[in-house]
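K.L.:
Compute the structure for the input listed below.
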Amino acid sequence: MELITKIVTAVLTLNSTVFVALMMIVLCLVFRGGFQTALRSGLCFAAGITGINTLMTMAIGSLEPIAQGISANLGISASQIDLGYAAGNMTVWPGMIFVILGILLIDIILVSLKLSNTLWTDIHNMWHGQYVGAIAWACTGNVAIGVAAALAAMVISLKLADYHARRFQEFNEIGNVTLIATAATLPATFSMLCMKVIDKIPGLNTVNVDGDELKDTFGVFGENLTIGAALGIVLSLLAGIDLSTALYNGIVLGTTLGLFPRIAGLLVEGIVPLSSSISAFMKARFPGRELNIAVDGAVLLGNPEVMSTFVLMVPISVVLCMVVPGIHFIPIASLTALPYWIGAIVPYTKGNYIHTILVTSLWIIVSSLIASAMAGTITATLGMVGFYTEEIAAGSVFTCWDEGGNIFAWLIKLVTGFTG
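P.N.:
As a prediction, this is how the structure comes out:
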């Protein structure tokens, strides 16, 4: 077991982009895609991920001061500290290795028995399930219960990945892929249910504003490049930022919105050869059977409406967290999670800005309420794995979006009656 632990740890400590590139190459070779195709597939996907991460860093660098400025101008105070993805440190818990080995074994069994069509290739995003396991362990003090809870949450997310695969593929025009991260499967499910209600509301069900309509109506002023620049400047000024910085923020956000779809094209270039190889392999050996590969949520960010909605939702998120009772933190560090949520929501809103903003706002309210309710449990779990111990001893209380608002973890807290 010690050797297995060392090997798994070595693999998991690889840079996530490097890991994804290697995984793409290996899979393409396994499914007889050929070395040259495999190499191109891995490098293109890695280049796309790197480009998107670079743009995200630029965008967040401009949006965080805007969110902070708006919250300060509105006089918002918060009793909980938003850690963002740093809260993921809790996933280094005693049951981590058992969860990794367990879900890979379960996935092999489910695929073999035709109970799932998803290959769990996205090892990096296992952390979403590990989070649930760590919370269950903290609430019960039992590692076995934590492992069982993590695996249960991951199997549910796996089945949701099967369910949403077709919609993800059709909307983003990428074959044989899906997403297993709860940051995708849960908001996608929420969006699907919301749209069933919206489609029955007269007036709201017919309103439609999308990127193509904006371009047709406003010309250059309806293009993402221009929209991003305008939003960056206006939001910066509303946040009390000086004109020079506001103009720079406009350039950054305009660049982000303009380049995102193009860089996302590299992801598609990387996925298509692998997708084609898997499809050909399965058709030759298992007629009528299709398999999907689980990929990173970055593949959902290429649609122009995703990043445009992201920029619009930054000030809306701050205001929502101010006015909704029960939310006790300001989502600044967690802003990086927002585009991935939106990327999972738009396949069901079909890129309609009105519907996307409405559904995203509702999702933010639900997730933020859960995240605030989970703050004590999140803080206790972080302390148990040895992170932020001095801050916790001093009275700091931590939470986050994304997994902080995970409904599986929240249900565990409710069932166990954990008072943290």
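
K.L.:
When you work out contacts or count neighbours from here on, use the C-alpha atoms and nothing else.
P.N.:
Will do.

K.L.:
how close does Pro187 sit to Thr349?
P.N.:
As for Pro187, its distance to Thr349 is 12 Å (criterion: CA to CA, to the nearest Å).

K.L.:
what residue ranges in the chain score low on pLDDT?
P.N.:
Where the chain drops to pLDDT under 70, the residues are 1-14, 16, 77, 211-222, 283, 286, 420.

K.L.:
Which stretches in it count as strands?
P.N.:
Here the chain has its strands, by DSSP state E, at 81-82, 118-119, 177-178, 292-294, 398-399.

K.L.:
Give the pairing partners of the third one; include direction for each.
P.N.:
Sheet partners assigned to strand 177-178 using DSSP bridges are listed as strand 292-294 (parallel).

K.L.:
Next: the second one.
P.N.:
Strand 118-119 pairs in its sheet with strand 292-294 (parallel), by DSSP bridges.

K.L.:
what residues does the strand it pairs with touch?
P.N.:
Residues outside strand 292-294 that contact it (CA atoms under 8 Å, 6 or more residues apart in numbering): 117-122, 165, 176-180, 275.

K.L.:
go again using 7 Å as the cut-off
P.N.:
Asn117, Thr118, Leu119, Trp120, Thr121, Asp122, Asn176, Val177, Thr178, Leu179, Ile180 (CA atoms under 7 Å, 6 or more residues apart in numbering).

K.L.:
what residues are up against the fifth one?
P.N.:
For Thr121, the set of contacting residues under the criterion of CA under 7 Å, 6+ apart consists of Ile293, Ala294, Val295.

K.L.:
Next, find the distance separating it from Val20.
P.N.:
Thr121 is 9 Å from Val20, by CA to CA.

K.L.:
Switch the strands of the chain over to TSV; also include distance to Gln130 and mean neighbour count.
P.N.:
As requested, the strands of the chain are arranged in TSV below (distance: least, CA to CA, whole Å; neighbours: other CA atoms under 10 Å):
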stretch	distance to Gln130	mean neighbour count
strand 81-82	20	22
strand 118-119	18	24
strand 177-178	20	29
strand 292-294	17	24
strand 398-399	16	29
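
K.L.:
Make sure Ala188 is actually in contact with Ala344.
P.N.:
Yes. Judged on CA atoms under 7 Å, Ala188 makes contact with Ala344 at a distance of 5.0 Å.

K.L.:
closest to Ala230 out of the strands of the chain?
P.N.:
strand 81-82 (28.0 Å; CA to CA).

K.L.:
Could you check how far that closest one is from the centre of its chain?
P.N.:
Centroid separation for strand 81-82 versus its chain: 18 Å, with CA atoms, centre = their mean, to the nearest Å.

K.L.:
Kindly report the same for stretch 122-138.
P.N.:
14 Å.

K.L.:
Could I get the buried residue list for stretch 70-83?
P.N.:
Using 16 or more other CA atoms under 10 Å as the test for burial, stretch 70-83 gives Ile70, Ser71, Ile76, Gln80, Ile81, Asp82, Leu83.

K.L.:
residues in contact with Gly258?
P.N.:
Contacts of Gly258 by CA under 7 Å, 6+ apart are Asn224, Leu225.

K.L.:
Run a quick neighbour tally on the residue lying closest to Leu253 once chain neighbours are set aside.
P.N.:
Nearest residue to Leu253, sequence neighbours excluded (CA to CA, 6 or more residues apart in numbering): Gly228, at 4.9 Å. Gly228: 25 surrounding residues under other CA atoms under 10 Å.

K.L.:
mind checking how far Gly228 is from Met307?
P.N.:
Remark: distance between Gly228 and Met307 (CA to CA) = 9 Å.

K.L.:
Now the common contact residues for the two.
P.N.:
Joint contacts of Gly228 and Met307 (CA under 7 Å, 6+ apart) are Leu257.

K.L.:
residues in contact with stretch 193-208?
P.N.:
Contacts with stretch 193-208, where a contact means CA under 7 Å, 6+ apart, come from Thr349, Asn352, Ile354, Val359.

K.L.:
Among those residues, which one lies nearest to Asn249?
P.N.:
Ile354 (24.7 Å).

K.L.:
Thought Val209 was touching that closest one, still the case?
P.N.:
Yes. Checked against CA under 7 Å, the pair Ile354 and Val209 is within contact range at 6.4 Å.

K.L.:
Can you give me the neighbour number for Ile60?
P.N.:
By other CA under 10 Å, neighbour count at Ile60 equals 20.

K.L.:
Check Thr419 too.
P.N.:
11.

K.L.:
and it, how far is that from Met56?
P.N.:
For Thr419, the distance to Met56 - CA to CA - is 36 Å.

K.L.:
same question, Asn89
P.N.:
21 Å.

K.L.:
go on, Leu105?
P.N.:
Noted for Leu105: a distance of 34 Å to Met56, by CA to CA.

K.L.:
neighbour count winner among these two?
P.N.:
Remark: of Leu105 and Met56, Met56 carries more neighbours, 19 against 12, as counted by other CA under 10 Å.

K.L.:
What ranges does the stretch 151-300 of the chain have for its helices?
P.N.:
182-198, 211-218, 224-238, 243-285 (DSSP state H, counting those that start in this stretch).

K.L.:
Which of these sits closest to Ser367?
P.N.:
helix 182-198 (9.6 Å).

K.L.:
how far is that closest one from where the chain is centred?
P.N.:
14 Å.

K.L.:
For it, which residues meet the burial criterion?
P.N.:
182-192, 194-195, 198.

K.L.:
And for stretch 20-38?
P.N.:
For stretch 20-38, by 16+ other CA under 10 Å, it's 20-29, 31-33, 37-38.

K.L.:
which residues touch it?
P.N.:
The contact list for stretch 20-38, computed with CA under 7 Å, 6+ apart, reads Leu39, Ser41, Gly42, Leu43, Phe45, Ala46, Pro273, Leu274, Ser277, Ile278, Phe281.

K.L.:
Kindly recompute the last result at 10 Å.
P.N.:
Stretch 20-38 has contacts (CA atoms under 10 Å, 6 or more residues apart in numbering) with 14, 16-19, 39-47, 49, 121-124, 270-271, 273-282, 293, 295-296.

K.L.:
Give the residues shared as contacts by Ala188 and Ala344.
P.N.:
His164, Arg167, Phe168.

K.L.:
how about the residues you listed in TSV, adding distance to Thr399 and neighbour count?
P.N.:
Listed next are these as TSV, based on distance: CA to CA, whole Å; neighbours: other CA atoms under 10 Å:
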residue	distance to Thr399	neighbour count
His164	28	22
Arg167	31	17
Phe168	29	27
